[in-house]
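[1] Take this sequence and fold it.
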Amino acid sequence: MRRPSAATTIALLALFVALGGPAEAAKLVDGRTIRANTITSKQVKAASLSITDLTKASRAALQATPAGSITAAKLRDGAVTGAGLTPNAVDGSKVADGAIGPLDLASGSVFADELAPGAVGGDRVVTDGIGARALIDDSVRAGEIADGQVGAAEVADGVLAARDVGRFAGRLADLPFGGVVRGTCSSSVSTSLSAVSAGQDLRDDAIVVTPEQAFPSAGLTVTAKPAAADQIEVTVCNLNGADPLALGAQSFRYVAFDTAG
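    Prediction:
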């Protein structure tokens, strides 16, 4: 048999390498044999990577919403409702002045424990629906409620004192009457009194006085009238009491109501 020539041998060797080289290369090159950071975006085919090729941390980072990336301009009207907000997610610093009007609040939706002192101004409350709880803890004051907005249904029974309904209210201490003969009357004028609010005048008020417990009321009547802008005159008449009646100094509770307004 004739030995192949050198040219034939070289040709056969080249054919062997051409046929078997890629297969052998596939066996010899894998992720462990590639040096870190040697493959860049130039070596990666465009659009060849899928979401499953990324780590969990990378997928989470891509799916997260960066802080401040969603603004009001990116939300359609009505897109966010109360159910979509966590408790306390919206506070005063996140609401522009005048952004919430009376028509934006459901009846009875805001109570005193949800309002800071002085939080509601008089020009803000223009519809009803303020419950009795809104009148406690100094959260809503008289000057912050529009005229006619609080009725009997909005005030809890038994919570109003004389100072809440009268322009003058308090105690007349130790008014002197001396002795009162049956069939006569005796009057005494108070010292100057302080009004519930400055500038109020007793002279157009209806005045109610009530004697304190030690007053000997049998056979006596008690009336009161204004004596000056800030003084009350109390009159005790002895209709059929003791004769003479040593009445002495007496104290009274009083409240005055405006009749001119």
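[2] Strands of the stretch 101-250 of the chain, residue ranges please.
    168-176, 179-180, 185-189, 205-211, 220-228, 231-238, 245-246, 249-258 (DSSP state E, counting those that start in this stretch).
[3] out of the ones you listed, nearest to Gly151?
    strand 249-258 (18.1 Å; Cβ to Cβ). (C-beta placed from N, C-alpha, C; glycine too.)
[4] ok, back up a step: now for the strands of the stretch 101-250 of the chain, which one comes closest to Val80?
    Of these, nearest to Val80 by Cβ to Cβ is strand 249-258, at 48.1 Å.
[5] if we can go back for a sec, what's the most buried one of the strands of the stretch 101-250 of the chain?
    strand 231-238 (a mean of 20; mean count of other Cβ atoms under 10 Å).
[6] Which other helices and strands does that strand contact?
    strand 168-176, strand 179-180, strand 185-189, strand 205-211, strand 220-228, strand 249-258 (3 or more Cβ pairs under 8 Å, 6 or more residues apart in numbering; DSSP states H and E).
[7] how about a cut-off of 6 Å?
    strand 185-189, strand 220-228 (3 or more Cβ pairs under 6 Å, 6 or more residues apart in numbering; DSSP states H and E).
[8] when you compare where the last one runs with where strand 185-189 runs, what's the angle?
    To tie it back to what came earlier, the one meant is strand 220-228. 40 degrees (axes from the mean of the first three to the mean of the last three Cα atoms, to 10 degrees).
[9] What strands flank strand 220-228, and is each parallel or antiparallel?
    strand 231-238 (antiparallel) (DSSP bridges).
[10] could you give me the average pLDDT of the partner strand?
    Mean pLDDT, computed over strand 231-238, is 96.
[11] Same question for stretch 210-224.
    92.
[12] Can I get the helices and strands packed on strand 231-238 in TSV including distance to Gln43?
    Listed next are the helices and strands packed on strand 231-238 as TSV, based on distance: least, Cβ to Cβ, whole Å:
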stretch	distance to Gln43
strand 185-189	107
strand 220-228	101
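[13] what's the closest of those strands to Ala47?
    Smallest distance to Ala47 across these (Cβ to Cβ): 94.0 Å, for strand 220-228.
[14] that older thread, the strands of the stretch 101-250 of the chain into a markdown table, with extra columns for distance to Gly199?
    Shown next, in a markdown table, are the strands of the stretch 101-250 of the chain (distance: least, Cβ to Cβ, whole Å):
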| stretch | distance to Gly199 |
| --- | --- |
| strand 168-176 | 12 |
| strand 179-180 | 36 |
| strand 185-189 | 22 |
| strand 205-211 | 13 |
| strand 220-228 | 15 |
| strand 231-238 | 16 |
| strand 245-246 | 39 |
| strand 249-258 | 12 |
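[15] Many thanks, have a good one.
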